[in-house]
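[1] Pasting the sequence and the predicted model now:
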Number of protein chains: 4
Amino acid sequence: MKKNKPKFKQIIDAAVIVIAENGYHASQVSKIAKKAGVADGTIYLYFKNKEDILVSVFEERMGQFIDQIISSINKQENANQKLLTLIEMHFRQLSEDHHLAIVTQLELRQSDSTLRLQINKELKPYLTVIDTIIKEGIEEKLFRDELNLPLVRQMIFGTLDETVTNWVMKERKYDLVKQAHSVHALLTNGISVE
Amino acid sequence: MKKNKPKFKQIIDAAVIVIAENGYHASQVSKIAKKAGVADGTIYLYFKNKEDILVSVFEERMGQFIDQIISSINKQENANQKLLTLIEMHFRQLSEDHHLAIVTQLELRQSDSTLRLQINKELKPYLTVIDTIIKEGIEEKLFRDELNLPLVRQMIFGTLDETVTNWVMKERKYDLVKQAHSVHALLTNGISVE
Amino acid sequence: MKKNKPKFKQIIDAAVIVIAENGYHASQVSKIAKKAGVADGTIYLYFKNKEDILVSVFEERMGQFIDQIISSINKQENANQKLLTLIEMHFRQLSEDHHLAIVTQLELRQSDSTLRLQINKELKPYLTVIDTIIKEGIEEKLFRDELNLPLVRQMIFGTLDETVTNWVMKERKYDLVKQAHSVHALLTNGISVE
Amino acid sequence: MKKNKPKFKQIIDAAVIVIAENGYHASQVSKIAKKAGVADGTIYLYFKNKEDILVSVFEERMGQFIDQIISSINKQENANQKLLTLIEMHFRQLSEDHHLAIVTQLELRQSDSTLRLQINKELKPYLTVIDTIIKEGIEEKLFRDELNLPLVRQMIFGTLDETVTNWVMKERKYDLVKQAHSVHALLTNGISVE
DNA sequence: GATGAATGAGGCTTCATTCAT
DNA sequence: TATGAATGAAGCCTCATTCAT
């Protein structure tokens, strides 16, 4: 299994940094190889082509990202706590790896539709986690039971995504994690008085 | 002023269609020229370079988009009505011009960071409109007064954006405008019971 | 029609010389472009890809080659005369354009099967001319009537081809055209006494 | 002597099959190694480089090919019989090893001039055998004594070669060996009446 | 002797942009 | 103004060969 060889991770890590620093379009394979400390050709022993590197970046990192969130959520008692934890973990992980944040929020969105399709597939488990929390919340009578599931999911994911993107574009000048509670409050209580 | 000459608009319109139909990366200048019915070189009499076409697409169309929303909002009495109108108009306009929806939600995001910076500039007035509504809502005691303005704006814009993107990616198979009320309810009342 | 533009012929001519001088595998597109006095990209305004240049070389030159032979043959009275003329013209034309001789006898045979298939298509009319002469000869009772047509064609073409290849590989140190009569005699009378 | 080690022959045999099945250009060293059941690097313990494999293919197989023909010819009484035997053996051997036929008639001709030079050297003994038969035939007064030796040799070899190539390209759908007599008759008696 | 992971040079092609007409 | 033929820079990928084990 190629994924367990050290060079596989070396190249993935190099790719994240190179893309974050140079932008998606200026990230030539040769630049990634150099940063990873391998020859250009070596890349192709581990990846089918350039696109495959990018998909793998997402697979590897998004996989970890979601696994972390799920394991944290499982320690929580109810849907409200779980939602808060999801938000905190989402913000924390991207805060702690700003290269990854730049890549996921800005650079990878420049990829063409074939790649974006792959990326959406990777994203699906995350959306499923959100769905599960909402359904639990409804069962626990914490959330309103007439909620339109896809709409709520879009609100939650859209809000988190937009918040992180803004933070990245403002060059990460403020503490993203600290906003988790407010975002949670907004999503649960809305903006209306009472 | 070049903007008032007929070929300027011809080229912008052609660009929207070509990008929507072919995707950002397969939209060569020559293809846009052909669709616009002009020679390749003519493009450069009206636009500095390819990026300039794309920025102009956004300037022109986003300008109209926002103007429409503002004029509709101004007929509304309070912040709640205005927010609902904004959502409806946002959804309606993109529903009615699906080429534009594809371009704004999917294709233009593939542009590089320079272009995206420009696009964000064009987006600013829209975000300001949202801010204004929120502030009005607080003054009118319709919205909670401890709201974090940027956060609320991100929630609103993030939710609308994600909702439209999902609709585009699902190939516009359902009625987006019909979702305006539910989205409005979610944003104002949150998801919690009570 | 691209074939009538001067650059089309310029590039074909350059390709013949570059391939003859450098060999098939060392004939980069950039080298052909340079010899033709055009930019690399210009090649692709006239040819689909590199292979298309080579097919066109054959189409153009082989077309002329065969046309010349046919028009000369038509002035001859009987099949025997026609066969002699075909041999003479075959030898003469390749003698007079040694670049073309090198390309057809040595370099173009290195092409891959896709290209060789195309080349064989171009060659077909020539083989048909040979067939026609043989059939005429039989009708005129000059040639034996139990002849196996494909076999005779293979003997004639194989002999001419091998003779020219040998001459090219011996670096054209002797007069090829002078051998036409002997070759004709061999083919018609065989090698046996009586 | 490396030639006597089993892996040497293993690799040669693998090369013939791989080239026949994949074509010259798609026959990477790694593919030959795999088919031979050795590691890529092992190839280089037995052959100087890739070209050396191909030259060796010819050396080994052509050597056998010619030896077979010579030993068959020596059993014949006169030049006429010998020529017929040569033709039969030439056709029979390639008929019986169609991989070799594909490689010699089609694929190896794609090699570059350096390699073809080597191949021609291997071919020389065969041409010498032909020459010897012709000279014998003249001495035996079976063949005309004013024959131009190189020319006759080119006719014989060219005819055989073209005949086999046609048979290979027609995907070996007819019996090549059965044509030996007709080809022999053509070469000895020519095509003319009387 | 045998392995196979690693190397890195090399070339075809696209397409935004220019400029002579 | 308008044209469109011509330009030429730039990058992904393959595969013969090496060499540490």
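    Right, received. Where do you want to start?

[2] quick one: which helix or strand includes the residue in chain A positioned nearest to chain D?
    As assessed by C-beta to the nearest C-beta, chain D sits closest to residue A:45 within chain A, at 12.1 Å. To be clear about C-beta, it is placed using only N, CA and C from the backbone, and glycine gets the same treatment. If you go by DSSP states H and E, residue A:45 is part of helix A:40-46.

[3] Is that helix in proximity to DNA strand F?
    Yes: against DNA strand F, helix A:40-46 shows contacts by C-beta under 7 Å from any atom of the strand at A:40, A:41, A:44.

[4] Could you report the pLDDT at the second one?
    Taken from the predicted model, the pLDDT recorded for residue A:41 is 94.

[5] Please apply the same query to the one 4 residues further on.
    In the prediction, the pLDDT value recorded for residue A:45 is 95.

[6] Now residue A:143. Its backbone dihedrals?
    The phi and psi values for residue A:143, taken as degrees, to the nearest 10, are phi -110, psi 150.

[7] I meant to write residue A:5 there.
    According to degrees, to the nearest 10, residue A:5 has phi -80, psi 150.

[8] Just give the nearest non-adjacent residue to it, would you?
    With C-beta to C-beta, 6 or more residues apart in numbering or on different chains as the measure, residue A:46 is the residue that lies nearest to residue A:5, at 7.2 Å, once sequence neighbours are left out.

[9] how many other residues sit next to the one you found?
    20 (other C-beta atoms under 10 Å in any protein chain shown).

[10] residues touching it, list them.
    A:2, A:5, A:7, A:8, A:11 (C-beta atoms under 8 Å, 6 or more residues apart in numbering or on different chains).

[11] What residues does the last one make contact with?
    Residues near residue A:11 by C-beta under 8 Å, 6+ apart: A:32, A:33, A:36, A:38, A:42, A:43, A:46, A:47, A:53.

[12] Compare the residues of helix A:40-46 next to DNA strand F and tell me which is most surrounded.
    Using other C-beta under 10 Å as the neighbour criterion, residue A:44 leads the residues of helix A:40-46 next to DNA strand F with 15 neighbours.

[13] Now do the same contact list for the most centrally placed residue in chain A.
    Geometric centre of chain A, nearest residue: residue A:62, 5.6 Å, by C-alpha atoms, centre = their mean. Taking C-beta under 8 Å, 6+ apart as the contact definition, residue A:62 lies against A:104, A:122, A:123, A:126.

[14] where does chain A dip in pLDDT?
    A:1-2, A:111-113, A:193-194 (pLDDT under 70).

[15] all helices for it, in order.
    Under the criterion DSSP state H, chain A contains helices at A:6-22, A:29-36, A:40-46, A:50-73, A:79-96, A:98-102, A:113-139, A:149-169, A:180-189.

[16] Give me the helices and strands touching the fifth one, please.
    On a contact count with 3 or more C-beta pairs under 8 Å, 6 or more residues apart in numbering or on different chains; DSSP states H and E, helix A:79-96 meets helix A:50-73, helix A:98-102, helix A:113-139, helix A:149-169, helix A:180-189.

[17] With respect to residue B:172, which of the helices of chain A lies nearest?
    Proximity to residue B:172 (C-beta to C-beta) singles out helix A:149-169 among the helices of chain A, at 14.7 Å.

[18] quick one, the closest one and helix B:149-169 angle?
    If you take axes from the mean of the first three to the mean of the last three C-alpha atoms, to 10 degrees, helix A:149-169 sits at 120 degrees to helix B:149-169.

[19] buried stuff in helix A:149-169?
    A:151-168 (16 or more other C-beta atoms under 10 Å in any protein chain shown).

[20] Tell me who's in contact with the spatially closest residue to residue A:186 that is not a sequence neighbour.
    Excluding its sequence neighbours, the residue lying closest to residue A:186 (C-beta to C-beta, 6+ apart) is residue B:155, at 5.3 Å. Going by C-beta under 8 Å, 6+ apart, residue B:155 touches A:155, A:158, A:159, A:162, A:163, A:183, A:186, A:187, A:191, B:187.

[21] May I see these arranged in TSV, with distance to residue B:79 as well?
    As requested, those are exported to TSV (distance: C-beta to C-beta, whole Å):
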residue	distance to residue B:79
A:155	19
A:158	21
A:159	19
A:162	20
A:163	22
A:183	21
A:186	16
A:187	19
A:191	10
B:187	12
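
[22] Now distance to DNA strand F too, for those residues, in CSV please.
    Below are these laid out as CSV (distance: C-beta to the nearest atom of the strand, whole Å):
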residue, distance to DNA strand F
A:155, 37
A:158, 32
A:159, 34
A:162, 30
A:163, 32
A:183, 37
A:186, 41
A:187, 40
A:191, 45
B:187, 42
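
[23] Buried ones among the contacts of residue A:11?
    Among the contacts of residue A:11, those classed as buried by 16+ other C-beta under 10 Å are A:32, A:33, A:36, A:38, A:43, A:46, A:47, A:53.

[24] Go back to those and keep what's next to DNA strand E.
    Among the buried ones among the contacts of residue A:11, the ones lying near DNA strand E by C-beta under 7 Å from any atom of the strand are residue A:38.

[25] what two of the buried ones among the contacts of residue A:11 are the furthest from one another?
    A:38 and A:53 (12.3 Å).

[26] re the thing from before, show me which of the buried ones among the contacts of residue A:11 is closest to DNA strand E.
    DNA strand E has its nearest neighbour among those in residue A:38, at 3.7 Å by C-beta to the nearest atom of the strand.

[27] So for the closest one, what's the nearest residue that isn't a sequence neighbour?
    Spatial nearest neighbour of residue A:38, excluding adjacent residues (C-beta to C-beta, 6+ apart): residue A:7 at 6.2 Å.

[28] Would you mind listing what in chain A touches DNA strand E?
    Counting by C-beta under 7 Å from any atom of the strand, the residues of chain A near DNA strand E are A:5, A:7, A:38, A:39, A:40, A:41, A:42, A:44, A:45.

[29] will you turn the residues you listed into CSV that also has distance to residue C:72?
    Shown next, in CSV, are the residues of chain A next to DNA strand E (distance: C-beta to C-beta, whole Å):
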residue, distance to residue C:72
A:5, 68
A:7, 67
A:38, 63
A:39, 59
A:40, 56
A:41, 55
A:42, 61
A:44, 55
A:45, 59
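
[30] Pull the most distant pair out of those.
    Within the residues of chain A next to DNA strand E, A:5 and A:40 form the most distant pair, 17.6 Å apart (C-beta to C-beta).

[31] coming back round to it: can you tell me how far the residue of chain A closest to chain D sits from residue A:5?
    9 Å (C-beta to C-beta, to the nearest Å).
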